[in-house]
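1. With the sequence up front, the predicted model follows.
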Amino acid sequence: MSTVDLSKALGYKGPPTKVVFNTRDYLLYALSIGIHSEELQFLYENHPQFTVFPTYPLVLAFKRDNNGVSVYDGAGSDAIPGIPPFDPNTAVHGEQSLEVHRPLPVEGAEGFELQSTVTGVYDKGKGMVIERTAQLVDPKDVSRPYATMMGSAFVRGSGGWGGPRGPADVASGGKKSESLDPPKDRTPDRVSEDSTHADQAILYRLSGDYNPLHIDPEIAPMVGLERPILHGLCTYGLSAHAILKTYGGSDPRAFKSITGRFSAPVLPGDTHVTKMWNVPTTPENKGQTRILFQTYAKERNLLVIHSGCVILQDPSHQTHSKL
């Protein structure tokens, strides 16, 4: 691969991405991540406690400002100064995090933006990791973001240029990642099994991610898959829902943040098994519950999300970060 110029790439702020969303989008998203009628507050706009499931912002990088069926162009694959062009089809979603700062307006919004920054570029030898951090904001009040999202992509065949290997590398600031492995001496405190159906990806794509990999049986074999796979962020949403329902009473006000790494594709129809460990928090995080999790595809006994962590908070202790 051509030389990567970190001085140009790191800190690059792409042009703001306009996004629009409405109540119908919230309902469709909740349905697509497996929420059922016993949690009608996420599915019925006239419910007295109608609310938005907190991981909804993750779809906006794909949906953008399109209310129709958009042509998939690889969200987040726009040119970055200092990084040679690459085929977005060689990029695999590696890691995702979301921090919720305040709830979205239940009626939706027009004119909001995603403001993104390249926050990491790493050389993994066989490929390159590109990390972007985006904030969802109302341009009229950018000091109070609604959510902060970090996503990383592994670009196959783009490594070997001699750059830092990851966050623990001195060249990337010397920050070591906190271990999110579950306790080795404990079985999970709680386990949730959630079935998916054969058309799960067909439903989820209507939230905005129209990548044909998830529906076209002729595309999947081109990238070494036997058939279309489920969106990683659908599995992510299913896991978040299982944890919020188990430990947060399905109250979105309790949801503070989630992070996790994708390790294998999920097939529509797989049963999601979310294993959860309730681990201690520090004294300064009074009122918070820290849940480490792993998600498996049951039928294949395959780990599909690892290094997962959800932070829940007692709504009475909430403070909204202004960053």
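-> Sure, I can see it. All figures in this text were calculated on a predicted structure; none of them were measured in a lab.
2. show me where pLDDT drops low in the stretch 1-150 of the chain?
-> Residue ranges of the stretch 1-150 of the chain with pLDDT under 70: 1-2, 71-77.
3. what about the strands in it?
-> 17-22, 91-100, 108-123, 127-137, 147-156 (DSSP state E, counting those that start in this stretch).
4. Single out the most deeply packed of these.
-> Most buried of these, by mean neighbour count (mean count of other CB atoms under 10 Å): strand 127-137, with a mean of 22. Backbone N, C-alpha and C define where each C-beta goes, glycine included.
5. Please go through this protein and pick out the longest helix.
-> For the chain, the helix with the greatest residue count under DSSP state H is helix 232-247.
6. other SSEs contacting the following helix or strand past that helix?
-> Next in sequence after helix 232-247, counting helices and strands by DSSP states H and E, comes strand 255-262. Contact partners of strand 255-262 among helices and strands, from 3 or more CB pairs under 8 Å, 6 or more residues apart in numbering; DSSP states H and E: strand 91-100, helix 232-247, strand 288-297, strand 302-313.
7. For L27, find the nearest of these.
-> The closest of the helices and strands packed on strand 255-262 to L27 is helix 232-247. By CB to CB, the value is 13.9 Å.
8. Now do that closest one: distance to the chain's middle.
-> In terms of CA atoms, centre = their mean, to the nearest Å, the centre of helix 232-247 is set 11 Å apart from its chain centre.
9. Can you check what angle separates that helix from strand 255-262?
-> Relative orientation of helix 232-247 versus strand 255-262 (axes from the mean of the first three to the mean of the last three CA atoms, to 10 degrees): 130 degrees.
10. Quick check: closest non-adjacent residue to A9.
-> In space, and not counting its chain neighbours, A9 is closest to G82: 3.7 Å by CB to CB, 6 or more residues apart in numbering.
11. Return the most buried member of the helices and strands packed on strand 255-262.
-> Mean neighbours per residue, mean count of other CB under 10 Å, is largest over the helices and strands packed on strand 255-262 for helix 232-247, with a mean of 24.
12. hmm, back to that, what would the helices and strands packed on strand 255-262 look like in JSON lines with distance to E113?
-> Below are the helices and strands packed on strand 255-262 laid out as JSON lines (distance: least, CB to CB, whole Å):
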{"stretch": "strand 91-100", "distance to E113": "17"}
{"stretch": "helix 232-247", "distance to E113": "20"}
{"stretch": "strand 288-297", "distance to E113": "29"}
{"stretch": "strand 302-313", "distance to E113": "26"}
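13. out of these, nearest to S195?
-> Nearest to S195, of all the helices and strands packed on strand 255-262, is helix 232-247, at 10.0 Å by CB to CB.
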